[in-house]
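[1] let's see this in three dimensions:
(one chain, ligands or ions: 1)
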Amino acid sequence: MKRIGVREPSSIDSRVHSLLATFSEEFDRSPSEATAYYAPGRVNLIGEHTDYNGGYVLPAAIDYGTIALTSRRDDGVVRFVSTSRQVKVAVHVDDIRPDPANDWANYPLGVVYKLRRAGVEVGGVDMLIDGDIPGGGLSSSASLELATAVALLGVWNQTMDRVELVKLCQKVENEFVGINSGIMDQYAVGMGKAGYAIFLDCGKLIHRYVPLRLPGYKIVISNTKKPRHLVDSKYNERRAQCEEALRMLKSVLPNIECLTDVSIDEFEAHSGVIDDPVVRNRAEHIVYENARVLSAVTALEAGDLNEFGRLMVESHNSLRDLYEVTGIELDSLVEEALKVDGVVGSRMTGGGFGGCTVSIVKQDQIDEFARRVAEGYTRTTGLTPEFYVTGAADGARKM
Ligand code: GLA
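    So this is what the prediction gives:
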């Protein structure tokens, strides 16, 4: 029996296959001239808003992603066609600049621009881009950046250290597109490994793969489908509050460089120097969330799924009460999820203010989960959620 309302990943090979005709039509080239590149999206299991505070995160690449069917051109023109956005752009590499009127194209164009600025010899391409990452909080933009980047390097026979490429793609987002995000998304998309979560130290930019052993369980992503607006300004406000908290804590802890350098004991002893209670709450979330990532890794490595799930819920509650980035939609999804038997943990994932939650659900309960969560969620919010099953996937690559 087919599951109702729960999406399963599609095969990348069959997606590539069905795109070849479009590639051929759009660019008037033979399908055999196209090389397929791919980059996944990501889900963060725990460690939210810690990346730009120099802390720990635990994301995984997911089974949904961006395909870039690509051919090299020798006339210096880059042509990008998006199947899902119905966008087509063609511009000479020397004329690339951000175009506020076409926000989607700024991602692939920014990648070309930044690679060339870094002295990497990439030039013209024809690229058909097809993404199947559901919108809102699963890093479709980092996926688009990394898919474009590996495709450009590939067809132009260039190589680049992967972590450098990840950092370059973050710069595309920060400096070319103008979104002030941290390093987690690009890192997870660039460094994902099938079957593993990525335990990343965002300050040192070093990681360790942690086996994501979930016997009998699956990761289920639930999408609020809430229209997102003002997300960037609220994100920037949180960042500014963290900087303010850091400044104040430095007056008593002169050796700290970021909020995640502060231990729980130090925070409890000195949090009084942060006079604004809201700013103090933000800092409290960061300090405890960072510690939770370490506990979560220990739990996962010990095979203690219940403890892992408990930490997920604690993380959500802290994001709700102290960091205040959830809202009725994310809270309702989590609340409904936790009522269902066979759910070990559930929390918001990504930046918040809408977007998605991540839950760990017993495999044979997934249909029941979707049915019950949808029912309760729609009753509370009037919105219809979506559900996607995923494993932990490999990072950006040539197919
Ligand atoms: C967004 C950003 C990430 C990270 C998360 C919160 O997804 O792009 O860099 O800050 O929010 O953890």
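[2] what segments of the stretch 251-399 of the chain are helices?
    Assigned by DSSP state H, counting those that start in this stretch, the helices in the stretch 251-399 of the chain fall at 264-270, 277-301, 305-321, 328-338, 366-381.
[3] redo the ones you listed as JSON lines? Include mean neighbour count and distance to Arg117.
    Yep, even glycine has a C-beta here, placed from its N, CA and C like the rest. Converted to JSON lines, the helices of the stretch 251-399 of the chain look like this (neighbours: other CB atoms under 10 Å; distance: least, CB to CB, whole Å):
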{"stretch": "helix 264-270", "mean neighbour count": "14", "distance to Arg117": "40"}
{"stretch": "helix 277-301", "mean neighbour count": "21", "distance to Arg117": "33"}
{"stretch": "helix 305-321", "mean neighbour count": "20", "distance to Arg117": "36"}
{"stretch": "helix 328-338", "mean neighbour count": "22", "distance to Arg117": "38"}
{"stretch": "helix 366-381", "mean neighbour count": "18", "distance to Arg117": "44"}
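[4] in TSV, list those helices along with mean pLDDT and distance to Ile179.
    Listed next are the helices of the stretch 251-399 of the chain as TSV, based on pLDDT from 0 to 100; distance: least, CB to CB, whole Å:
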stretch	mean pLDDT	distance to Ile179
helix 264-270	98	29
helix 277-301	98	20
helix 305-321	98	20
helix 328-338	98	20
helix 366-381	97	26
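[5] ok, which of those comes nearest Val389?
    Of all those, helix 366-381 sits nearest to Val389, with 6.6 Å by CB to CB.
[6] could you say what helices and strands the closest one packs with?
    On a contact count with 3 or more CB pairs under 8 Å, 6 or more residues apart in numbering; DSSP states H and E, helix 366-381 meets strand 6-7, strand 217-223, helix 328-338, strand 386-390.
[7] send the alpha carbons of it over as PDB?
    C-alpha atoms of helix 366-381 as PDB (Å, rounded to 0.1, in the frame of the first residue of the first chain):
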ATOM      1  CA  ILE A 366       5.700   6.600   9.700                       C
ATOM      2  CA  ASP A 367       2.200   6.500   8.100                       C
ATOM      3  CA  GLU A 368       0.500   6.900  11.500                       C
ATOM      4  CA  PHE A 369       3.000   9.700  12.300                       C
ATOM      5  CA  ALA A 370       2.100  11.600   9.100                       C
ATOM      6  CA  ARG A 371      -1.600  11.100   9.600                       C
ATOM      7  CA  ARG A 372      -1.700  12.200  13.200                       C
ATOM      8  CA  VAL A 373       0.800  15.100  13.000                       C
ATOM      9  CA  ALA A 374      -1.000  16.400   9.900                       C
ATOM     10  CA  GLU A 375      -4.400  16.300  11.600                       C
ATOM     11  CA  GLY A 376      -3.200  18.100  14.800                       C
ATOM     12  CA  TYR A 377      -1.100  20.600  12.900                       C
ATOM     13  CA  THR A 378      -3.800  21.600  10.500                       C
ATOM     14  CA  ARG A 379      -6.300  22.000  13.300                       C
ATOM     15  CA  THR A 380      -3.900  24.400  15.100                       C
ATOM     16  CA  THR A 381      -2.500  26.300  12.100                       C
END
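[8] got the angle between that helix and strand 386-390?
    In terms of direction (axes from the mean of the first three to the mean of the last three CA atoms, to 10 degrees), helix 366-381 departs from strand 386-390 by 150 degrees.
[9] which residues does helix 366-381 contact?
    With contacts defined as CB atoms under 8 Å, 6 or more residues apart in numbering, helix 366-381 is touched by 3-6, 218, 220, 222, 224, 226, 328-329, 332-333, 335-337, 339-343, 359, 361, 383-385, 387, 389.
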